[in-house]
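> Below is the sequence, then the predicted model.
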Amino acid sequence: MTPHANPASLVDGSTEALSAVLPAGTMLHAWLKAAHPGRPAELKVAQGERELACLIAKNAEEFELLTLAVETGGETLFSYDTATTVISIIYAYAPADVLDTGMTVLYSADANAAPDVPDGYHFRPPFGWMNDPNGFGRFGDKVHLFYQHYPHSLRWNTMHWGHAVSDDLLHWTHLPIFLFPSAELSARADGRGGAFSGTAIPLGEDAPGVRVFFTEQVRDRVPEEQIQLTAVSNDMVTSNPPEVILPDRPVGLELTLDFRDPYVVKGPDGRWKMLLGSRDHAGGVILLYETNDPGAAGSWTFVGILHREDRFGMTAAECPCLVPLDGPANDPQTRWALTFGLLTSRDPATGRRNITIATVGRFDGRNFIKEFEQELDFGTDAYAFQAFVDGSGPVGIAWLANWTDVSNKADFPSAMTLPRQVLLRDGALLTPPVAAVERLRQRPVDDIMLRSGETVGLGNGAVEIVIDLAAPGAVFDLELDHPDVELGLRVGQEGLSIIYDIRNGKSPPRYIAAGARPSTLRVFLDVGSIEVFADDGRWTGTKRLPGLGAVRSARLVAPQGNVATARIWQLKL
C-alpha cells in the first residue's frame, strides 16, 4: 500500500486531490467536515474513469467518520473542494492482515499531523492527541496498546481509543481507531466526554478476541457523568456496540462524580475483580467490584473501598492498576502492586503535581493489606501507569506527560514511556526498562571523554548514558544542553535529582528522589523526554521536555574518582 509522496496537489481551482496505490480489499476511513453549515462536504474516490464513491458529511461542527470498502486494487484518486470540505484524516488498511501490516495514513491535516521525530524510539500516535494507556496486554501472540486519543488535533478533546500492536514492546504497528464516542458526543468538538480510560481481558482460549471495559464520560449528565461500559472485539480491530454494566456509583459513600478508569484482573479466588478510581470529601478512594460471571460480561457487585489515600487532600484517585508481583495470583503469599494516580495532588516539599503512588501488599480478593508504599516515579511524568503479567512478571507503560503542563490553548504532542518491568526486591518496588531496550543500542558514542569531564556531542539526541559510580551516592552533575530548558541530572547530599527549569522566572518543582544513593544510572534521552533508571529502577524519574529539540551535548562534572565509568550509546529503533 503506497501513498504518493505529495498527497495534496492542486487539480482545478479550489479542488485538491491525493492519490495512492491500494490493493484490492482495502478498507478506507475518512473524516470529513463541512466548511460551512448547510453546504455538505464531499470526498470523491475514483479509479481511472470510474468513480467508486462520493463520501458526504453534513456536520460543520465536528469531523464525521465515513468508511468505504475498495474491492478492486490500483491507483486511487481522492478529490475534494476546499471551499466546501475540510479533511482531518484518511487512512487505509487491509482487514485480512491488518494486525501484521497495520494501517497507512494517506492524509492528515496540519492541525493533527504527528510531530517529525524520525529517530525517536518512544511510542507516539500516528496523528492527533494521546494520553492514558488503556487495555495494555498480550492477546494472542502480540502485545496490544490502546490509548486515550483525539484524532483531529494535538489538544485534548472528545475521547476515542487509539490502538497499536507490537511483537517486542518497542516496534509498534498502528491500527485503526478502536473505540469511538457516542453519536451525541461525536457531533461536536466541545470536549464533553467520550470513551475514557479502561482495560481489556481475553475472551477465552476458545474465543479469540478481547472484552474491553471503559468509562463513558458525559459532562453535566444527570445523575451520573461517568458510567462503566463494556464491549467485545472478536477480530481485535473493531468492537461491537458497548453495553452499560455499572450505571451509577455505590450509594452511601458520599463520593464525588469521579467514578472512572475500570481495571479488570483475575483475583486470587478465581473471580474477576474491577477497580475504579473515585474520591470522597477526605481524599482519593479505589473501589472494588467483583463478578461470578466467568466472562466478566455482567453481574458486577460492589465489594467496598479497597484503598484510600487522603494525605494530599481531596484529590481523585484514578487509573488504578493491580498486578501480582512475586508469584501466581492464587498463592496467598504473593504480594501485589497497587498503583494509581492522584489527580490535582501537590507535594508540599517539592511542588511536584499529580503524584503516582505504588503500594505493595497482600490481596485476598476482597481486601488489600498494605506492607509498604513508595512513589512510582520521582519525575512525575509517568502518569496513568498500566501493567499486565507477561510471562515471568509484570510489564507496564505510562503516559509520558503530566496534566500540569497541558493547556487547551497550545498543541501538546506526547509519547508513552519506555515499557518497564515491575519487580519486588529487598523491600522496594523496582521499575527498570524491559530487557529489550538494549536492542536499541546501535553503536557506542563515547566511553572516555564524558568521564574525563569533556563536553560530548550527542548528534540527534537519541542516546543512552550509563554511569557507574565508585561508591553508592558518589556526587556528580550531568549537564545536558537542551535548546528550550535548563536540564541535567545530579546525585548530591539530598539524593537523586532531575534538574529542570523552563526559564520563565518562576521557581520550578524539585524533581528529586530524596535520600537516594545510587551506584549505577541509565539515562535515556529522546526528543521530548528524559528517563532515569537508577540501580535497576529502584529510583525511576521521568520528565517530559517541551518542544521538539534534542539534547545537543552532555558534560559530566564530578570530584576526582567519583565516577568509575561513563558510556554513551547511540539508540535507534
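Structure received.

> Do a quick rundown of the helices in the stretch 101-250 of the chain.
183-186 (DSSP state H, counting those that start in this stretch).

> which residues of it score low on pLDDT?
Nowhere does the stretch 101-250 of the chain drop to pLDDT under 70.

> make it 80
Counting by pLDDT under 80, the stretch 101-250 of the chain contains low-confidence residues at 205-207.

> excluding its backbone neighbours, what's nearest residue 493?
residue 475 (7.3 Å; CB to CB, 6 or more residues apart in numbering). Quick note: C-beta positions are derived from backbone N, CA and C, even for glycine.

> Could you pull up the residues touching that neighbour?
490-493, 558-559, 562 (CB atoms under 8 Å, 6 or more residues apart in numbering).

> what do you get for residue 357?
309, 339-342, 373-376.

> List only buried entries from the residues you listed.
Applying 16 or more other CB atoms under 10 Å to the contacts of residue 357, the neighbour count classes 309, 339-342, 373, 375-376 as buried.

> what ranges do the strands span in the stretch 101-250 of the chain?
Counting by DSSP state E, counting those that start in this stretch, the stretch 101-250 of the chain has these strands, from start to end: 103-108, 129-139, 142-150, 160-166, 172-174, 193-202, 210-218, 226-233, 243-246.

> pull the CA atoms of the last one into CSV?
Presented in CSV, the C-alpha positions along strand 243-246 are these (Å, rounded to 0.1, in the frame of the first residue of the first chain):
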residue,chain,number,x,y,z
GLU,A,243,-23.2,-2.1,26.9
VAL,A,244,-23.6,-0.4,30.3
ILE,A,245,-22.5,-2.6,33.2
LEU,A,246,-22.3,0.0,36.0
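
> That strand pairs with which strands, and in what direction?
strand 226-233 (antiparallel) (DSSP bridges).

> do the first one as well
With DSSP bridges as the test, strand 103-108 is paired with strand 85-93 (antiparallel).

> Could you do the third one as well?
For strand 142-150, sheet partners with direction are given as strand 129-139 (antiparallel), strand 160-166 (antiparallel), following DSSP bridges.

> so how far is it off the chain centroid?
Relative to its parent chain, strand 142-150 has a centroid offset of 7 Å by CA atoms, centre = their mean, to the nearest Å.

> Flag every buried residue along that strand.
Buried residues in strand 142-150, defined by neighbour count with 16+ other CB under 10 Å: 142-150.

> Can you say which of the strands paired with strand 142-150 is nearest to residue 350?
strand 129-139 (23.3 Å; CB to CB).

> follow-up on the earlier one: are any of the contacts of residue 475 buried, and if so which?
Using 16+ other CB under 10 Å, the buried ones in the contacts of residue 475 are 490-491, 558, 562.

> where does the stretch 451-573 of the chain dip in pLDDT?
In the stretch 451-573 of the chain (pLDDT under 80), no residue qualifies.

> The residue nearest to residue 493 and residue 205, how far apart?
Computed as CB to CB, to the nearest Å, the residue 475 to residue 205 distance reads 54 Å.

> Please, where are all the helices along this structure?
98-101, 183-186 (DSSP state H).

> Can you tell me which of these is packed in deepest?
helix 98-101 (a mean of 16; mean count of other CB atoms under 10 Å).

> hang on, the earlier thing: looking at the strands paired with strand 142-150, which is nearest to residue 275?
So among these, strand 129-139 is nearest, using CB to CB, at 13.9 Å.

> Can you dump the C-alpha atoms of that closest one in CSV for me?
This file holds the C-alpha atoms of strand 129-139, laid out as CSV (Å, rounded to 0.1, in the frame of the first residue of the first chain):
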residue,chain,number,x,y,z
TRP,A,129,-3.7,13.8,20.7
MET,A,130,-2.8,10.9,23.1
ASN,A,131,-2.9,10.4,26.9
ASP,A,132,-3.5,7.4,29.1
PRO,A,133,-2.6,3.9,28.1
ASN,A,134,-5.6,1.5,28.1
GLY,A,135,-6.1,-2.2,27.7
PHE,A,136,-2.3,-2.9,27.8
GLY,A,137,-1.8,-6.6,27.5
ARG,A,138,-0.7,-9.6,25.4
PHE,A,139,-3.6,-11.1,23.5
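
> and that strand with strand 193-202, angle?
Angle, strand 129-139 to strand 193-202, by axes from the mean of the first three to the mean of the last three CA atoms, to 10 degrees: 20 degrees.

> circling back to that earlier point, need the max-distance pair from the contacts of residue 475.
It's 493 and 558 that sit farthest apart of the contacts of residue 475, by CB to CB, at 14.0 Å.

> measure residue 509 to residue 350 for me?
On the measure of CB to CB, residue 509 and residue 350 end up 6 Å apart.

> ditto for residue 270
42 Å.
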